[in-house]
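Q: next comes the sequence, and after it the predicted model I'd like to discuss.
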Amino acid sequence: MSANSVNRRRILSLWLPRLPIDRIKRKLAQDIASQADGHEVDEPSSEASTLAGLSPPLRGRVGERGTTDTGVCGLPLSLALPRKGGGNPSADASLTNGLSNLLPSVVVAKDHNAILLHAIDEAAVRAGLSIGLPLANARAICPELTVYDADPAADLKTLNDIADWCDRFTPLVALDPPYGLFLDITGCAHLFGGERALLQIATGALSRRGFAVSAAIAGTSIAARTLTRYTSGQIIADGAEAEAVGPLPVSALGADPAVTTGLRRAGLKTIGDVASRAPHEISARFGSAFTTLLGHALGQGDAPISPRKPLPDYIVEKRFPEPIATDTVIALTLSSLAKTLVAAMDKQGKGARQLEASFFRTDGAVRAIMVETGRPVTRPEMIDRLFRERLDALNDPLDPGFGFDLIRLAAGRTEIVVQQQRDLDTTVHDNDEISALIDRIAARIGGKRVVVHLPLESHIPERSALALPAQHHLAAASAAAWPERVAGEPPLRPLRLFERPEPIKVPFASVPDGPPHQFTWRRALHAVVRVEGPERIAMEWWKQDGAALTRDYFRVEDAEGQRFWIFRDGLYESELRDEEGKPVPANWYVHGLFA
């Protein structure tokens with residue numbers, strides 16, 4: 001089915017107000033569960049190696065690090081709580097909830113040379129602490145306080161993990177920093193039983209995994225976000241945003257603190273109070289940006305959200321009432337989805353150039369596999385083969401855990417298929433076979449490793465050709481015009497040109513422009529018996545600011561018949577002088593090998 005649809009806009013806003021401390025407690029629960037099972041904690045997988053580890057808690061004096069008896073190990077965090085054998089999200093969530101009943105825990109961050117509370121848990125709230133309170137004051141109020149360092153990178157990675165999980169509801173998921181998400185659920189809520197059911201599924205799953213979450217649905221993203229700051233579970237009908245947000249305090253808008261303070265001093269304590277004033281009055285005092293923000297919160301227009309991923313041209317997916325985990329069923333599902341995707345594209349005469357298969361595990365982890373093609377793909381069997389090649393070549397195999405409950409296949413980029421004569425034109429058949437071969441190799445080793453070379457207008461040898469991915473430039477490479485070789489003459493350029501010239505040792509040479517009599521390359525001595533040259537190549541002085549030296553190239557042959565392309569870097573005396581103006585020896589390099 002096409003990813004584009006026309007419906008009245010509906011936005012689901014998710015806000016995780018205690019994400020930093022919830023992330024840490026989930027990590028502690030993971031360690032406790034691993035120790036309870038008698039296992040050591042697994043090493044970070046390659047897929048999660050970029051996740052930041054957990055900082056140990058701070059105890060005693062400010063800045064003095066300590067340890068806890070829970071054995072924090074600094075392991076990667078994913079949306080699920082993995083344990084050997086797959087883990088049990090329900091059990092892990094109960095451990096997380098149990099941790100919330102321990103001593104108050106806070107996350108601190110440095111702000112203007114002061115250490116302030118950055119996030120707090122429920123126990124800390126009950127103890128009378130609040131975000132923004134100095135740590136010294138917090139310790140005075142609650143001496144038995146467990147303190148952790150803030151880790152914005154780990155928090156952002158966790159938020160992105162949650163956003164990946166939310167892709168199961170809609171492909172339009174946007175970040176709402178620091179701890180929020182926007183989901184454009186326009187036209188897709190009915191797939192989950194309606195907006196109320198979708199909201200409950202999302203919040204329930206996050207709550208079971210140990211995250212405090214607030215959610216709301218409205219016709220604009222700002223209205224939905226405003227509601228999540230002071231209430232949860234609200235679903236506002238289209239056009240009823242002004243009535244819903246009116247009683248909320250102005251701080252719920254998330255405007256600049258100076259603007260919020262100014263509104264309160266003016267006696268405008270709620271959003272409804274501000275909305276009752278004329279827009280030009282608000283703009284004159286607080287600026288047009290705030291007036292626009294207020295209008296969006298009241299449902300008077302809205303700025304589009306910025307999805308994390310571009311919307312694919314076509315999406316097909318398969319949901320399973322019971323999770324699947326076997327390779328056979330996964331392969332059959334991909335094959336079925338490929339047929340459906342090709343049928344949908346064929347109706348509009350299009351083929352896929354970029355394909356992505358997403359696998360959603362029941363514990364919340366998401367794995368995406370992408371392949372690209374040199375030409376638009378219009379056959380399901382070709383899609384099957386490309387994904388088989390890609391899956392077989394993965395360094396980190398596709399781990400189903402407790403199984404996948406959703407598999408999605410998307411065509412991220414499509415093109416109109418140009419019909420060609422394929423029965424009599426052998427050139428078309430050859431090009432198709434070459435393109436298919438390149439696609440299969442690229443799927444296995446990566447598209448950037450299969451390249452073609454195109455000529456460039458430059459007399460510098462290493463810049464006279466450009467290496468580009470073969471999948472996207474095969475046609476240009478076939479039609480490229482290279483300099484023709486002079487009949488009866490040896491080649492001017494070597495068949496193998498090094499990416500970077502390699503230095504050689506030349507004990508002596510005929511000066512000022514003569515070739516060497518022998519040289520040492522890669523610890524092997526080569527005696528020169530034949531020489532052609534020199535060919536003088538000056539550098540592009542208008543680009544190099546005169547820093548590059550002139551090169552004299554020689555085609556030489558040693559006593560064993562090997563032929564080299566070597567050069568002297570710099571002209572003797574005129575370019576090669578020391579700080580005192582005295583001539584210095586030139587450096588020699590080998591740049592390529594002739595056949």
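A: That came in fine, so what should we check first? Numbers count the residues shown, from 1 in each chain.
Q: for Glu560, give its distance to Tyr314.
A: 60 Å (CB to CB, to the nearest Å). Every C-beta, even on glycine, is put in place using the N, C-alpha and C of the backbone.
Q: who's more crowded, the two?
A: Under the neighbour definition other CB atoms under 10 Å, Glu560 and Tyr314 were set side by side, and Tyr314 has more, 22 against 9.
Q: for Ala344, see how far away that one is.
A: Applying CB to CB, one obtains 5 Å for the distance of Tyr314 from Ala344.
Q: do the same with Arg8
A: Arg8 is 25 Å from Ala344, by CB to CB.
Q: again with Asp405
A: Counting by CB to CB, the gap from Asp405 to Ala344 is 23 Å.
Q: hmm, back to that, more neighbours, Arg8 and Ala344?
A: For Arg8 versus Ala344, neighbours defined as other CB under 10 Å are more numerous around Ala344 (17 against 9).
Q: helix, strand or coil: sort out that one for me.
A: Following DSSP: H, G, I helix; E, B strand; the rest coil, the label given to Ala344 is helix.
Q: where does the chain have low pLDDT?
A: Applying pLDDT under 70 to the chain picks out residues 1-7, 36-101, 419-431, 509-512, 541-547, 573.
Q: for Ala559, give me phi and psi.
A: phi -70, psi -20 (degrees, to the nearest 10).
Q: pretty sure it contacts Arg530?
A: No. Under the criterion of CB atoms under 8 Å, Ala559 is not in contact with Arg530, lying 9.8 Å apart.
Q: show me what the host helix or strand of Ala124 is packed against.
A: Per DSSP states H and E, Ala124 falls inside helix 122-126. Secondary-structure packing of helix 122-126 (3 or more CB pairs under 8 Å, 6 or more residues apart in numbering; DSSP states H and E): strand 105-111.
Q: quick one: list the elements packing against the strand it packs on.
A: helix 19-36, strand 114-120, helix 122-126, helix 135-141, strand 146-149.
Q: and that strand, how far from the chain's centre?
A: Its chain's C-alpha centre and that of strand 105-111 lie 28 Å apart, by CA atoms, centre = their mean, to the nearest Å.
Q: overlap in contacts of Ala559 and Arg530?
A: Among the neighbours of Ala559, none is also in contact with Arg530 (CB atoms under 8 Å, 6 or more residues apart in numbering).
Q: in space, what's closest to Leu183 - neighbours in sequence excluded?
A: Spatial nearest neighbour of Leu183, excluding adjacent residues (CB to CB, 6 or more residues apart in numbering): Leu12 at 4.1 Å.
Q: who are the packing partners of the one helix or strand the one you found maps to?
A: For Leu12, the element it lies in under DSSP H and E is strand 11-15. Strand 11-15 sits against strand 180-184, helix 195-208, strand 214-218, helix 221-228, with contacts defined as 3+ CB pairs under 8 Å, 6+ apart.
Q: hmm, try it at 7 Å
A: Judged by 3 or more CB pairs under 7 Å, 6 or more residues apart in numbering; DSSP states H and E, strand 11-15 is in contact with strand 180-184, strand 214-218, helix 221-228.
Q: looking at the ones you listed, which is nearest to Ala242?
A: Among these, the nearest to Ala242 by CB to CB is helix 221-228 (8.6 Å).
Q: how far does the helix or strand just after the closest one sit from the chain's center?
A: The element immediately downstream of helix 221-228 (helix or strand, assigned by DSSP H and E) is strand 234-235. Centroid separation for strand 234-235 versus its chain: 32 Å, with CA atoms, centre = their mean.
Q: flag every buried residue along the helix holding Ala124.
A: Neighbour counts over helix 122-126 (16 or more other CB atoms under 10 Å) mark Ala123, Ala124 as buried.
Q: tell me which residues in stretch 263-272 are buried?
A: Applying 16+ other CB under 10 Å to stretch 263-272 flags Leu263, Leu268, Thr270, Ile271, Gly272 as buried.
Q: so which helix or strand takes in the second one?
A: Think Leu268. Secondary structure (DSSP H and E) places Leu268 outside all helices and strands.
Q: got it, and the first one?
A: Under DSSP H and E, the secondary-structure element containing Leu263 is helix 257-265.
Q: who touches that helix?
A: Val250, Ser251, Val274, Phe286, Phe290 (CB atoms under 7 Å, 6 or more residues apart in numbering).
Q: got the CA coordinates for it in CSV?
A: Extracted in CSV, the C-alpha atoms of helix 257-265 (Å, rounded to 0.1, in the frame of the first residue of the first chain):
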residue,chain,number,x,y,z
PRO,A,257,11.2,30.9,31.3
ALA,A,258,11.5,34.6,30.9
VAL,A,259,8.3,34.7,28.9
THR,A,260,6.5,32.5,31.5
THR,A,261,7.7,34.7,34.3
GLY,A,262,6.5,37.8,32.5
LEU,A,263,3.1,36.4,31.9
ARG,A,264,2.7,35.5,35.5
ARG,A,265,3.7,39.0,36.6
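Q: can you name the next helix or strand after it?
A: helix 271-275.
Q: just checking, what packs against that next one?
A: Going by 3+ CB pairs under 7 Å, 6+ apart, helix 271-275 lies up against helix 288-297.
Q: quick one: list the elements packing against the helix it packs on.
A: If you count contacts as 3+ CB pairs under 7 Å, 6+ apart, helix 288-297 packs onto helix 221-228, helix 271-275, helix 279-286.
Q: go through those and pick out the most buried.
A: Of those, the one with the most neighbours on average (mean count of other CB atoms under 10 Å) is helix 221-228, at a mean of 27.
Q: how close does Ala138 get to Ala127?
A: 9 Å.
Q: higher neighbour count, these two?
A: More crowded of Ala138 and Ala127, by other CB under 10 Å: Ala138, with 24 against 17.
Q: ok, now which ones touch the closest residue to that one other than its chain neighbours?
A: Nearest non-adjacent residue to Ala138, counting by CB to CB, 6+ apart: Leu129, 5.3 Å away. Residues near Leu129 by CB under 7 Å, 6+ apart: Pro104, Val106, Leu117, Ile120, Ala138, Ile141, Cys142.
Q: okay, those in CSV with distance to Pro171 next?
A: Listed next are the contacts of Leu129 as CSV, based on distance: CB to CB, whole Å:
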residue, distance to Pro171
Pro104, 40
Val106, 37
Leu117, 37
Ile120, 35
Ala138, 42
Ile141, 46
Cys142, 44
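Q: how about the closest residue in space to Arg23 that isn't next to it in sequence, secondary structure?
A: With CB to CB, 6+ apart as the criterion, Arg23 has its nearest non-adjacent residue at 5.0 Å, and that residue is Thr158. Here Thr158 is recorded as helix under three-state DSSP.
Q: surely Thr158 and Asp22 touch.
A: No. Using CB atoms under 7 Å, Thr158 is not in contact with Asp22, being 8.7 Å away.
Q: Arg10: neighbouring residues, count only.
A: 23.
Q: can you tell me how far it is from Trp482?
A: Applying CB to CB, the value for Arg10 to Trp482 is 57 Å.
Q: Ser358 now?
A: 42 Å.
Q: more neighbours, the two?
A: Ser358 (21 against 10).
Q: for whichever helix or strand that one is part of, the distance to its chain's centre please.
A: Element membership for Ser358, per DSSP H and E: strand 350-361. Remark: strand 350-361 is offset 16 Å from the chain centroid, using CA atoms, centre = their mean.
Q: nothing else from me, thank you.
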